[in-house]
Every structure is written in C-alpha cells, then in structure tokens.
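Novice: sequence? don't have it. structure:
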C-alpha cells in the first residue's frame, strides 16, 4: 500500500479515476498541485517559506465533477479540507458569514483529523481503562486486607486463597467476557460526563465570532465537569467510555499545535460558486454588485496570505491551497477583480458530459449509482442486476433530458435512477421477498421512462 503523502502525480490521477470519469486536464492540474505540497515540505533551504501554492480556478457547468475532484483530492492527501459557497458570504458590515470563517472551519477539520489520529495511537490503553471501569461496575474490587488470616487449622504453612485474590480471579474471567463481547447485552450503571453547554448570551455590545468561541471555550474549561448516572448495556458503555478515556490520554495542547501546522501546510479550501460574487456588469454602480465586490476584497487577503484568529490559535494562510469553482454562465472569470484573478493562476475548463461519459459514470466508478442501489437491495437479500443495454439506455435518456430541460450534469442520473427504481424499492420486502432477483433491461427502462421523454413531460426531472 502506497503512503498517501508520497503519491506521484500519475498515481494521484489514477486514484481520482476510480471515482471521477473524464476531466483529464483538471485531474492533472490538481495532482501537480498536491505533489507540490509534498515537494515544498521537503525543500531543505529557506526557499521553503517562499514557495506558495498555485491556486486553481475550475470552470465548468454544474454536475461535471468540480466538487468531487476537490473532495477526493483531500481524501487522497489525508489533508484538512473544507468546502464553502462564496454566495453565502457577505461583506463586512452586512448580515451573513464573514470570509474568515472558512479558515476557522478548516482548522476545526484539522483538529478533528489530528485528534482522531491520536485516539488511534492510544486506543489500546483507552480500551484497557474502559474494561476496568466496566469491571468496577460489575464486580467492585476488594482493596482492603482480609479480616481472617486464612491459614489451615491443621498445618500453618498452607495458605488459602484470600477474598481479594478470589475477587481478582473473577474480575479477570469477566474481563475476557467483556473483550469477547459475550456479555455486551447486560446492563450496568456508569457515570458519564454531561454535555457542557455554557449557553453564553451577549450583554451590551455585540461580540464577534472568535471572541464568542473563545469565551465559550474558556467557560467550558473553568466550569466544573458535571457527571450523570446512566444505565446502559455493556456494548453501549464501551462506546461512551472509550471517548472519555481516550480524551484523558490525549494532550490537547499538542493536538492544537499539530492541527494548526497541518492546516497551514496541507489544508485545502474549496470555494464553490465563485462566479456568484463576480460582477456581471460594469454599469449601475450600486445594488448587489457593491456587496459582491466587497466579498471579493474581503477574500483577497485570505487567499494572498494573512493571519487569522481561531479558537485554537493564529493560523497563517500563506500556504493553504485554494481551489475555486464556478459555472460562469452569466459572469466571466474576467469579471472578478483583477487582484483576485491573479491569485488563481491555474485555470482549468472542465468538459461537458457526453452520452458515453454518462454510461461510464453508471458503470465504472467505485461508488457508481448502480453499485449503490445493488448494495441497498442487497441489505434485504434481493439481487439487482443491470444489463449493459439498460445502462446505455439510461445514459442516453439522462443526456437527452439535460439537453431539453436544463443541464445539471451527472446529477441528472440520480433523478432518472430514482424514477426507475422507486416502485421496486417500495415493493420490497412486502411484495418482493428475500432471495428475489431483479434484472433491469433496456425494455424495462423504456417502459418506465421513455414515455415521459416522448411526451415532453419532464417536470419531475427538474431539481
């Protein structure tokens, strides 16, 4: 198994090919960008600080794979990743999210990644601690010395097993039962931490998001931890207590430092719908265009590189990789302010999907819709198979609807497949029982879907 951080550009593209059909140019550019992150981290000289990422602007219609490329890229890199929609941001002074929140979201993701990694490292010790807590609830240990000396009345040299030793032997037998899951259904009473929610309200003047988070964090650390008794099965207790015991073994200061470093050096922020904040017209001078340009100007320092306050500490955005995407149906990339355009030097145009692409999307990816439905029906022991001709028919139908109604790319396949299989999904398990085998043929696809296309009654395909 290859180390994720050491994948070559060709290997990165190969991984992306498992989930995304076509778009070779986009895959090639993001693969180079990802490999360059690793290259920069291995530069020995002071030049390491000077090397900045080449941010990418992906241009393409909805549903062609822009978001999926960025999302899969982050998984391949095992890097903190956050997706935001540019249209949700507003200029400072307006009601809405400020652009710095995307960096705070990234740090939160990074903290979760590092914390999960640390939990795996201490998992064995945490599980032992959990076993001890459950054992204490089942069989409390005897810690005091036995009241009787426990010697044989006939000869004083043969010592009997004390109560404490018997207790310990019993506990060890039950420890094995806990590990094997033999007594997972037995109920015990345990103490768990109550969820801490300081419920801070604002008094007087308004408080910004960072100050509010810091105040809540401080109060949660200062206020005494409350516990409550809960009666749960041993199986549930293992899960509840594992979180608590793992948290005790993890140094959160170390987690925060590592998370900040990880976010700064390997973090990826995907800004979707960036075309929605591009001014479509140079005339008018007022209205929403003012706020759109304001958002762009607020975005500029983040993308250029600046220090952002988060509840985990200050993060520098100089080396975060920004991937922006937009359909640009109305606006053009040149409608973005020049300074922001300059911060996305790599521009990639994604291709519109063809009939053949739709066919391959239904058949080849690891997470293909056909495979998802096969797995869903498999959970009820019903077999589902698609003929190759049926897949071609579905692909042609989806492509035709996109042409005649509205082009929403591969998302059209979701609505087509849903309409095709809804009756079958409804009839399982009442009318279609376990061990049944369903074969989707070209004739069945035409029977259920073709009339809608011929009659131009396509309203239920519009999302």
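Specialist: Looks like it came in fine. The structure presented is a predicted model; accordingly, all values stated were derived computationally and were not measured.
Novice: quick one, phi/psi of residue 271?
Specialist: Backbone torsions for residue 271, taken as degrees, to the nearest 10, come to phi -100, psi 100.
Novice: do residue 233 as well
Specialist: According to degrees, to the nearest 10, residue 233 has phi -70, psi 160.
Novice: Could you give the bridge partners of it?
Specialist: residue 187 (DSSP bridges).
Novice: measure it to residue 448 for me?
Specialist: Residue 233 is 45 Å from residue 448, where distance means C-beta to C-beta, to the nearest Å. To be clear about C-beta, it is placed using only N, CA and C from the backbone, and glycine gets the same treatment.
Novice: Could you check stretch 13-29 and say which residues are buried?
Specialist: Buried residues in stretch 13-29, defined by neighbour count with 16 or more other C-beta atoms under 10 Å: 13, 15, 16, 19, 20, 21, 22, 23, 26, 27, 28, 29.
Novice: Disregarding flanking residues, what is the spatial nearest neighbour of the second one?
Specialist: Put plainly, it is residue 15. residue 76 (5.1 Å; C-beta to C-beta, 6 or more residues apart in numbering).
Novice: Count the neighbours of that neighbour for me.
Specialist: 18 (other C-beta atoms under 10 Å).
Novice: related to what we said a few turns ago, could you dump the buried residues of stretch 13-29 to JSON lines with pLDDT and secondary structure?
Specialist: Shown next, in JSON lines, are the buried residues of stretch 13-29 (pLDDT from 0 to 100; DSSP: H, G, I helix; E, B strand; the rest coil):
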{"residue": "13", "pLDDT": "93", "secondary structure": "helix"}
{"residue": "15", "pLDDT": "91", "secondary structure": "helix"}
{"residue": "16", "pLDDT": "93", "secondary structure": "helix"}
{"residue": "19", "pLDDT": "92", "secondary structure": "coil"}
{"residue": "20", "pLDDT": "91", "secondary structure": "coil"}
{"residue": "21", "pLDDT": "91", "secondary structure": "coil"}
{"residue": "22", "pLDDT": "88", "secondary structure": "coil"}
{"residue": "23", "pLDDT": "90", "secondary structure": "coil"}
{"residue": "26", "pLDDT": "92", "secondary structure": "helix"}
{"residue": "27", "pLDDT": "92", "secondary structure": "helix"}
{"residue": "28", "pLDDT": "93", "secondary structure": "helix"}
{"residue": "29", "pLDDT": "91", "secondary structure": "helix"}
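Novice: got JSON lines for these, with distance to residue 240 too?
Specialist: As requested, the buried residues of stretch 13-29 are exported to JSON lines (distance: C-beta to C-beta, whole Å):
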{"residue": "13", "distance to residue 240": "43"}
{"residue": "15", "distance to residue 240": "36"}
{"residue": "16", "distance to residue 240": "38"}
{"residue": "19", "distance to residue 240": "35"}
{"residue": "20", "distance to residue 240": "39"}
{"residue": "21", "distance to residue 240": "43"}
{"residue": "22", "distance to residue 240": "46"}
{"residue": "23", "distance to residue 240": "44"}
{"residue": "26", "distance to residue 240": "44"}
{"residue": "27", "distance to residue 240": "43"}
{"residue": "28", "distance to residue 240": "47"}
{"residue": "29", "distance to residue 240": "45"}
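Novice: so which of the residues you listed comes closest to residue 249?
Specialist: Distance to residue 249 across the buried residues of stretch 13-29 (C-beta to C-beta) is lowest for residue 15, with 33.3 Å.
Novice: Let me see the contact set for that closest one.
Specialist: Residues counted as contacts of residue 15 (C-beta atoms under 8 Å, 6 or more residues apart in numbering) are 7, 72, 76.
Novice: Could I get the full set of strands for the stretch 1-150 of the chain?
Specialist: 56-59, 81-85 (DSSP state E, counting those that start in this stretch).
Novice: for the stretch 301-450 of the chain, same thing?
Specialist: 307-310, 313-316, 321-326, 346-349, 383-386, 437-440.
Novice: Output the below-cut-off pLDDT ranges for the protein.
Specialist: Judged by pLDDT under 70, the chain has its weakly predicted residues at 1-5, 90-97, 143-161, 194-225, 280-290, 450-463.
Novice: Would you mind giving the domain segments of it?
Specialist: 4-117+256-349, 123-141+164-249, 355-450 (automatic domain parsing).
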